[in-house]
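**Student:** Show me how the following folds:
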Amino acid sequence: MRAVSLLIAGVASIIGLVFPFLLARQATGLNQSILLVMMCGVAGAFVYGTGFKPVNHLLRRCTEPAVTWPVMLISLGALVALR
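**Tutor:** Take a look at the predicted model:
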């Protein structure tokens, strides 16, 4: 699960950071907000994928794949739908 999480986070970060205009032709406020949510999911997936375990119980739950994967996939789907 950690390797898959790290792989998905890597691909999503490359898509979101290197090729942002593939996702959104115009930089509107809504697109930027969705990218922010997607990057929060990517950050959580990187935390889980690298094996770091936060001390805070809430942060530990927020970095689990059950939370981060749907956040990334729904955000990416919303960006594609808005395109």
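
**Student:** So what's the residue count around Trp47?
**Tutor:** In this structure residue 47 is Val, not Trp. Using other Cβ atoms under 10 Å, Val47 has 20 neighbouring residues. For glycine as for every other residue, the C-beta is placed from the backbone atoms N, C-alpha and C.

**Student:** Isn't it up against Glu64?
**Tutor:** No - the pair Val47 / Glu64 is not scored as a contact, 9.7 Å apart, by Cβ atoms under 8 Å.

**Student:** quick one: secondary structure of the residue lying farthest from the centre of the chain?
**Tutor:** Distance to the chain centre peaks in the chain at Val55, reaching 21.5 Å (criterion: Cα atoms, centre = their mean). Following DSSP: H, G, I helix; E, B strand; the rest coil, we place Val55 in the coil state.

**Student:** quick one: the helices in this structure?
**Tutor:** Assignment of helices within the chain using DSSP state H yields the ranges 2-17, 20-23, 29-50, 57-62, 65-82.

**Student:** weakest of these in terms of mean pLDDT?
**Tutor:** Comparing the helices of the chain by mean pLDDT, the weakest confidence falls on helix 20-23, with a mean of 65.

**Student:** Pull the residues that contact stretch 35-45.
**Tutor:** Stretch 35-45 has contacts (Cβ atoms under 8 Å, 6 or more residues apart in numbering) with 5-6, 8-9, 12-13, 16, 20, 23-24, 62-65, 67-69, 71-72, 75-76, 79.
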